[in-house]
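> make a model of this:
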Amino acid sequence: MIKPINFSDISRYRSELMGLAMIFVMLFHVWMPKSNPMYGFVRCGNVGVDMFLLLSGIGLWYAWSKKPTLKNFFWRRYIRIYPAWIIMACLFYIPSFINTPGGGYSRNVPDLIANILINWSFWRIDDLTFWFIPAIMMMYTFAPAYMKLIEKHPEYRWLPVAAMVLAVMVQYYPPIHKSVGHVEIFFSRIPIFLIGINCGALVKGGRSMDGSSLWLVLLLFVMSLAMCVEFEESWRGRFPLFLERMVYIPLTVSMILLLVKILCHTPAFICRGLAFVGTVSLELYLIHIQFVLKYVRTYNLGYCLTALIMIAVSLVLAWLLHRLVAWVIGFLPKNI
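Reported below is the predicted structural model:
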C-alpha cells in the first residue's frame, strides 16, 4: 500500500527543495551544445525558479498566519533580501557604470542608485542580470493584499487562473504588450507564486492526498516534463517563452510532490547537503553567474567540469556572503 502524500512534508523539506531548485538553476545557466542528449532536460532546469516561487508563496502564508503587522511583515521579508542584494548590486553595477561606455545598465547616477536599490533597469529595459530580485520584491509587495482577500473570501483562490490570462495578454494584447511586454518573465511567474500562497493553507493544515493519487501526480509530471523537453529540443526560438512557463506550473507542483516522497527516503547526509545549498540559495543566485561562471566558462572546460567548478566556487563565496549578511543583520531589529 502506497503511503499518503503529506503536504506538510513540503515544509519539512523546504530547505532541501530550495537547494535542489538552486542546483537546477545553476546547471541550466551552464552552456550545453544542443547535440548533447541531455540538452532538453538541462534546459528544463529553469523550472527551479518556479520551485522557488511556489515555496516562497507557501512560506508567506505561514508568516501571514502568525498575524504580523503589515510593517513587520514587509520588514522581515526585505531584510532577508536587501543586505545581500545591496552588496552584490554595488559590486556589479558600480564597476559596470564606470567601465562601460554609456554607463552600461545605468545611464546616469540616478539610474545607478535606482539599480542598486530596486534593480530599476529590469523594469526599464528588461535587464535580466538579477531579474529574480526585483520580481520577488514586487510579489512580496502585493502578496498581503491577496492573502487578506483569500483569508476573508476563500472562494477567490481561483485568481491564479486570472493571472495566467494576464500573462497571455502581456504577450499578445498590443496595448499591454507595448507597455510591459519586455518584463513578460515577471508576469508569467505570478500564477505559480499565487498557487504557492494557496497551497500554504494545505501545507500548514497538514492535509494529505491518498497514496493512490501518486500515479496521477507521476502522470502529470511525465506529461509536463515531456512537453517542456519537446519545447526545448524541437521548438526553441519558435514559440513565446511564456508558453513553456505555463507548462512549468504543473511540472513544478507535481515535481515538488514527488521530490518530498523521495526526500523522505534520502540519506540524512544528502539532505543536510541540500539543506545547506538551500540556506545560501539567495547568495548563490547573486554570485554564480556574474562573479563565477562568467570567468570559468572562458576556459572551455566542457559542461560537466565547468558546472562542478562553478558550483564549488559559488558555494564557498555564497557561504562567506551569507555569514557577512548574518553579521550585518545581527545589528538590526527583528521587528520594527
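> A strand includes residue 54, no?
No: counting by DSSP: H, G, I helix; E, B strand; the rest coil, residue 54 is located in no strand; its state is helix.
> separation between it and residue 174?
Counting by CB to CB, to the nearest Å, the separation of residue 54 from residue 174 is 31 Å. Placement of C-beta: from N, CA and C, glycine included.
> who's more crowded, these two?
residue 54 (28 against 9; other CB atoms under 10 Å).
> which residues touch that one?
192, 193, 195, 196, 199, 252, 253, 256 (CB atoms under 8 Å, 6 or more residues apart in numbering).
> next: residue 62.
Neighbour list for residue 62: 11, 200, 203, 204 [criterion: CB under 8 Å, 6+ apart].
> the third one: neighbouring residues, count only.
In other words, residue 203. By other CB under 10 Å, the residues close to residue 203 number 22.
> cool, the first one as well?
Using other CB under 10 Å, residue 11 is surrounded by 18 other residues.
> wouldn't it be in contact with residue 203 here?
Yes: shown here, residue 11 and residue 203 form a contact pair, counting by CB atoms under 8 Å, at 5.2 Å.
> need the overlap of contacts for those two.
58, 62.
> just the contacts of residue 62: which are in strands?
Per DSSP state E, strands hold no members of these.
> among the residues you listed, which are in helices?
11, 200, 203, 204 (DSSP state H).
> could you report the pLDDT at the third one?
Per-residue confidence (pLDDT) for residue 203: 93.
> then the first one?
According to the prediction, residue 11 has pLDDT 95.
> got the contact list for it?
Taking CB under 8 Å, 6+ apart as the criterion, residue 11 is in contact with 58, 62, 203, 204.
> the first one: what's it in contact with?
So the one you mean is residue 58. Applying CB under 8 Å, 6+ apart, the residues near residue 58 are 10, 11, 14, 196, 197, 199, 200, 203.
> of those residues - the most surrounded one?
Tallying neighbours with other CB under 10 Å puts residue 196 at the head of the contacts of residue 58, with 29 neighbours.
> which element is that one on?
Using DSSP states H and E, residue 196 sits within helix 190-204.
> and that helix, C-alpha only, in PDB?
Extracted C-alpha coordinates of helix 190-204, given in PDB (Å, rounded to 0.1, in the frame of the first residue of the first chain):
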ATOM      1  CA  ILE A 190       2.800  35.400 -11.000                       C
ATOM      2  CA  PRO A 191       0.500  32.300 -11.300                       C
ATOM      3  CA  ILE A 192       2.900  29.900  -9.600                       C
ATOM      4  CA  PHE A 193       3.500  32.300  -6.800                       C
ATOM      5  CA  LEU A 194      -0.200  32.700  -6.100                       C
ATOM      6  CA  ILE A 195      -0.600  29.000  -6.300                       C
ATOM      7  CA  GLY A 196       2.100  28.700  -3.600                       C
ATOM      8  CA  ILE A 197       0.200  31.000  -1.300                       C
ATOM      9  CA  ASN A 198      -2.900  28.900  -1.900                       C
ATOM     10  CA  CYS A 199      -1.000  25.800  -1.100                       C
ATOM     11  CA  GLY A 200       0.200  27.300   2.200                       C
ATOM     12  CA  ALA A 201      -3.100  26.500   3.900                       C
ATOM     13  CA  LEU A 202      -2.800  22.900   2.800                       C
ATOM     14  CA  VAL A 203       0.800  22.600   4.000                       C
ATOM     15  CA  LYS A 204       0.200  24.300   7.300                       C
END
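> perfect, I'm done here.
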